[in-house]
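Asks: Provided below are the primary sequence and the corresponding predicted coordinates.
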Amino acid sequence: LKRYLLEPFEEVAQSLAVQADVARERARMSRYQPLQAPQRTQRGQIQGNEAHEDSDEDVMRALTPCEVLEKRCPKGCANMAWRCCCKYGIPLVMSIGAFYLALSRNYNCSPGALENLEPGYHGELFPDHVILKERRSAWGFQFTTLVDVYDASDQRHVGYFYDMNFLFWFRFGFSDASDHIWFEAKVPWFLGAQNLSDWYWRAFVYGSQHLHLQRCDDGLSGRHAAIYNIDENTHLRPWWCKTHCMKILDVAPHSENQDFTVTPLAEVNFNYTLEWYYGGFETRQAWNMLVTDPKSDTLIAKAHQSFALQNSAYPGLGQTYLARWHVDMLSDNHLPNWVVVFLAVLDDVDESEDQQEAGDDDE
């Protein structure tokens, strides 16, 4: 971050400051040059300091762009705004560009990086029993949501999920412990809606979730992994419910002519129970996940959320709730383990921000 954000800004700011000092010194010296007697040429033109007093164009050429704008701007206009734009606007744009470039290089699905790697746990990427632990900086400054994945049998660190939303830049996926990205989720065009009315209800009324989930190694060395549509079913959800809503997600294989009315491969139900903390003086909404086969009602997987408390790095600011999930696969040949674990992380990311704000208000 220091390399891509701070250094470009510092270099440009120092350069502008040096140019401004040089320009001011030139302007000061030109005003105090000794006067020369005016002389007339054969063509009747006056020469000397009267003719060569600093014209507006000479002064403008000696000034920095910021000072030029200030001199041309009439009295009372936003000189400070111009100065801030020149001194800070350009470095800010350059810094944001460097920031995007850095994130794109480090958080991007790259099939070539996985060509000589074998996916763990017989291609499932995760074991049948998983523990998820939210990772948050004690200093309160973090660009992305991070959720670590551990094997419940031996507590081995399998990898981590990342979720980044920076302006119009979105990344949500899984990386193993060696920083190899194995799959990513993307928001489909038009939120997967079939018409304008459907898109409006998805985007503005419900704010529902619609994602495409795909493995990065799909097609490498004979590997084949289906692309999955994750589509929130809002038929049973009241339109006025925006946050902390019990919800249903439908999971189905993706196709170009996908019809969301077909029976999905799995139906994912989320609801919550209240858990007590601080000796019963505060409650938190702990979410539960049940993944079932809609045809046979067979329970495919289940998960339960709990919380741990992390002390703040700033004295006197109390503690922060960190989500913990226990995910268990109960049935084979329905959904891959990596899809099931992603569903738990998806709910955790979706609800954590709202729950954190509610917890801060209660405190």
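Replies: Great, that's in hand. Residues are numbered from 1 along each chain as shown.
Asks: quick one: the helices in this structure?
Replies: Secondary structure of the chain (DSSP state H): helices at 7-31, 49-52, 56-62, 65-72, 79-84, 90-106, 196-200, 337-362.
Asks: go ahead and confirm residue 151 touches residue 158.
Replies: Yes. Residue 151 is within contact range of residue 158, at 5.8 Å (criterion: Cβ atoms under 8 Å). Backbone N, C-alpha and C define where each C-beta goes, glycine included.
Asks: mind listing the shared neighbours of those two?
Replies: Shared contacts of residue 151 and residue 158, defined by Cβ atoms under 8 Å, 6 or more residues apart in numbering, comprise 127, 130.
Asks: where does the protein dip in pLDDT?
Replies: Applying pLDDT under 70 to the chain flags the ranges 1-20, 22, 27-107, 165-169, 222, 224, 256-262, 352-363.
Asks: tell me which stretches of it form strands.
Replies: 39-40, 46-47, 129-135, 145-151, 157-166, 169-176, 181-186, 210-215, 228-233, 247-253, 266-277, 282-292, 299-311, 319-329 (DSSP state E).
Asks: let's have those strands in TSV, adding distance to residue 339 and mean neighbour count.
Replies: Shown next, in TSV, are these (distance: least, Cβ to Cβ, whole Å; neighbours: other Cβ atoms under 10 Å):
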stretch	distance to residue 339	mean neighbour count
strand 39-40	90	10
strand 46-47	85	12
strand 129-135	12	18
strand 145-151	14	19
strand 157-166	13	18
strand 169-176	11	19
strand 181-186	9	21
strand 210-215	6	21
strand 228-233	6	21
strand 247-253	7	19
strand 266-277	8	16
strand 282-292	9	19
strand 299-311	10	17
strand 319-329	11	19
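Asks: distance to residue 240 for these - can I get that in CSV?
Replies: Shown next, in CSV, are those (distance: least, Cβ to Cβ, whole Å):
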stretch, distance to residue 240
strand 39-40, 87
strand 46-47, 81
strand 129-135, 29
strand 145-151, 27
strand 157-166, 25
strand 169-176, 27
strand 181-186, 27
strand 210-215, 20
strand 228-233, 16
strand 247-253, 14
strand 266-277, 18
strand 282-292, 18
strand 299-311, 25
strand 319-329, 26
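Asks: among these, which is nearest residue 114?
Replies: strand 181-186 (7.0 Å; Cβ to Cβ).
Asks: strand 210-215 and the closest one, what's the angle between them?
Replies: Relative orientation of strand 181-186 and strand 210-215, computed by axes from the mean of the first three to the mean of the last three Cα atoms, to 10 degrees: 160 degrees.
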